[in-house]
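Visitor: 3D, please:
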Amino acid sequence: MPRVLGVDIPGKKRVEYALRYIYGIGPASARHIVDELKIDPARKADELTDDEVARISTMLQSKYRIEGDLRREISQNIRRWWPPIRIAAPAIARASRCAASGPVPTRALARARARP
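Guide: Have a look, this model is predicted:
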C-alpha cells in the first residue's frame, strides 16, 4: 500500500482509482493528475516507483487543497454561513404555524400547545 500525504491508497487498484481515496480528489482530479504526471492509468498503485509517489505528493501539495486543510475550510465555511439556531428557531416555528404553509396535523398542534 503506497502512502501519499499520510493516506494509504489501495495498492491493488489502478492508480486513477486509488487516488480517489484521498479526501478532496475525485474522478476528474485523479485523471488530471495521472495525465499531467504521465503515469500509465492502467498500472496498479503497488507498481508505482518511489519517484512517482513523490511527484504525486508534491503535485497534490502545490495544486490541490486536500484532507485536513479541505475539511477545516469546509467546516469554517459552514460555521460562518449557517445561522445560529437560537435566532432562526422562532421564525421557523412561526412559519410552521402559519396558515399559508398548509394544514398542521393535530398531533403536532397538541404538542406545540402543550409546551411552554
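
Visitor: which SS state does residue 39 fall under?
Guide: Taking DSSP: H, G, I helix; E, B strand; the rest coil as the rule, one finds residue 39 in the coil state.

Visitor: what about it, distance to residue 46?
Guide: Using C-beta to C-beta, to the nearest Å, residue 39 is found at 13 Å from residue 46. Just so you know, the C-beta spots here come from the backbone N, C-alpha and C atoms, and that holds for glycine as well.

Visitor: do residue 52 as well
Guide: 12 Å.

Visitor: of those two, who's got more company?
Guide: Using other C-beta atoms under 10 Å as the criterion, residue 52 and residue 46 rank with residue 52 on top: 17 against 14.

Visitor: Tell me if I'm right that that one and residue 37 touch.
Guide: Yes - if you go by C-beta atoms under 8 Å, residue 52 and residue 37 touch, sitting 7.1 Å apart.

Visitor: where along this structure do the helices fall?
Guide: 15-18, 27-36, 50-63, 67-81, 85-97, 106-114 (DSSP state H).

Visitor: Pull the residues that contact the shortest one.
Guide: When contacts are taken as C-beta atoms under 8 Å, 6 or more residues apart in numbering, the neighbours of helix 15-18 outside the stretch itself are 2, 9-11, 30-31, 34, 39-41, 43-45, 48.
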